[in-house]
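**Q** Sequence below, structure please.
(chains A and B)
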Amino acid sequence: MTYVTNGNLAVAAEGGKIDPMHQFLIEPVLGRPWIVGGYDLSFTNSALWMVITLVALWLFMLGGMKRELVPSRWQAAVEGFTGFVQNMLISNVGPEGKRFVPYVFSLFMFILFANVLGLMPVGIVPGWHPFTITSHLTVTGVLAIISFSIVLIVGFGKHGFHFFSLFVPHGTPLPMIPLIFVVELLSFLVRPFSLGLRLFVAMTAGHILLKVLAAFVINGINLGPGYIAIVSLPSFVLMIGITLLELLVAAIQAYVFALLTSVYLNDAVNLH
Amino acid sequence: MPQISQIAATYASQLFWLLITFGILYFGIGKMMVPRVQGVMELRESQIAQDLATAEAARVEADRTEAAWNADMDAARAAAQAEVAAAKARALAAAEAQLRSADADLAERIAHHDVAIGNAKAAAMVNVQTIATEAAQELVQRLSGVAVPTDAANEAVRRQLNHG
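**A** Numbering: from 1, shown residues only, chains lettered A, B, ... in the order given. Sure thing, here's the model as predicted:
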């Protein structure tokens, strides 16, 4: 077990330097590390928050399963999200896009719930720390690779090698075809990276900013009344605004991830 | 940045738990719950479309019923008007016939009375002649003592009456 721990938690509790990166630290929870076949599959705080996200989403969906003709508010909310994803796929991919509703819905809701749950003030419960699983490249990268794989599978499964015509736009002059092909191929291959990095960077940056401002508030309070007025209060007001902004970003990033997946699926299904 | 510095130590756990949770999410929620929600939404849409179609059909039916009712009412009104006109004509004809028969009756009775009056007049005239004859006979006897035979007196009176 080689977790990188620098012990900043203890330092923070003593009111000294506060490490804004500490929130991204992955630590095992629920007992001993669990190593299977040389791979460390410990149930970490990250895994815990994945499970919390799953349970929260399941509870949310459960409230919408009454299947009434005239929906309750909860059912209307569930149907609103489902209809939102369905409309996004139909407007981007066409009628065939309905096939991908289960996947894009899972993706969108998983990212949305993970983003929003990472912003919940669970830190006020002693011993708990909010953890944003979408601020981890391993998570966003895997989700991006899954989306990209589905695009490849659908593209080659539906069109075979004709799928490569995606990299040669209509009306390309003959001498330009090799160059355009390479450029388009590169832009295609960059997609999973941009997809995964965008979410990871957006979440990480927002949370670092919030923790830096929180450190200003705490350190200002520790330094005395004058610093509270000059540093802590303005930082706190700014934090409120940035928290609201981060809630917006949480929704937008989930939307962008799902939207780009839809757009890429459109390429795979319809080849431009 | 723990995301990078811890990656070698944590990627297996991250991948494992992400695939488990996202797998459960996809198969449990995406594949099972979402289609049911979509089913309910489609059901509702078809129900609304069906209700609208039913309402439209009912409206058309109501229009047709109203048109039929209007036609019935028009026919009934026309029939009633025809009935009234016929009754009026019948009454008029009956009244005319009655009037005519009354006229004829009256005319007949007048004729009868005329005959009766003529008879009476004639009888009266005969009486007047008889009386005048007797008066003339008596007058002549008293004046001249000549007894005029009845026939001659009668003849003279008749001649005198005819002259006026």
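**Q** Packing partners of the helix or strand containing residue B:67?
**A** Per DSSP states H and E: residue B:67 is located in helix B:34-144. Helix B:34-144 sits against helix A:73-93, helix A:101-118, helix B:150-163, with contacts defined as 3 or more CB pairs under 8 Å, 6 or more residues apart in numbering or on different chains; DSSP states H and E. All C-beta atoms are positioned from the backbone trio N, CA, C, and that covers glycine.
**Q** where does chain B dip in pLDDT?
**A** Applying pLDDT under 70 to chain B picks out residues B:164.
**Q** Give me the most central residue, it.
**A** Centroid-nearest residue in chain B: residue B:80, 1.6 Å away (criterion: CA atoms, centre = their mean).
**Q** which one of the helices and strands packed on helix B:34-144 is the most hemmed in?
**A** Most buried of the helices and strands packed on helix B:34-144 by mean neighbour count (mean count of other CB atoms under 10 Å in any protein chain shown) is helix A:101-118; its value is a mean of 24.
**Q** Tell me the helix or strand right after it.
**A** Taking DSSP H and E, what comes next after helix A:101-118 is helix A:137-159.
**Q** Distance from the chain centre to that following helix, please.
**A** Using CA atoms, centre = their mean, to the nearest Å, the mean C-alpha position of helix A:137-159 is found 16 Å from that of the whole chain.
**Q** elements contacting that helix?
**A** Using 3+ CB pairs under 8 Å, 6+ apart, helix A:137-159 is in contact with helix A:101-118, helix A:177-223, helix A:233-270, helix B:2-5, helix B:7-24.
**Q** and the shortest one, is it in reach of chain A?
**A** So the one you mean is helix B:2-5. Yes. Part of helix B:2-5 sits near chain A under the criterion CB under 8 Å from any CB of the partner chain, namely B:2, B:3, B:4, B:5.
**Q** Just confirm the first one contacts residue A:24, I think it does.
**A** Yes. The pair residue B:2 and residue A:24 passes the contact test of CB atoms under 8 Å, sitting 4.4 Å apart.
**Q** Now do the shared contacts for these two.
**A** The contact sets of residue B:2 and residue A:24 do not overlap (CB atoms under 8 Å, 6 or more residues apart in numbering or on different chains).
**Q** Please list the residues of the stretch 51-200 of chain A that sit near chain B.
**A** Within the stretch 51-200 of chain A, the positions near chain B by CB under 8 Å from any CB are A:51, A:53-54, A:57-58, A:61, A:64-65, A:67-69, A:71, A:75, A:78-79, A:82-83, A:86, A:101-103, A:105-106, A:109-110, A:133, A:135-139, A:142-143, A:146, A:200.
**Q** Helix, strand, or coil at residue A:33?
**A** coil (DSSP: H, G, I helix; E, B strand; the rest coil).
**Q** Output the helices and strands packed on helix A:137-159 as TSV; include the columns distance to residue A:30.
**A** Formatted as TSV, the helices and strands packed on helix A:137-159 follow (distance: least, CB to CB, whole Å):
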stretch	distance to residue A:30
helix A:101-118	19
helix A:177-223	24
helix A:233-270	27
helix B:2-5	20
helix B:7-24	12
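**Q** out of those, nearest to residue B:157?
**A** helix A:101-118 (143.5 Å; CB to CB).
**Q** same for the closest one, what does it pack against?
**A** helix A:45-62, helix A:73-93, helix A:137-159, helix A:177-223, helix A:233-270, helix B:34-144.
**Q** ok so, going back, which among the helices and strands packed on helix A:137-159 is found nearest to residue B:130?
**A** Of the helices and strands packed on helix A:137-159, the one closest to residue B:130 (CB to CB) turns out to be helix A:101-118, at 140.5 Å.
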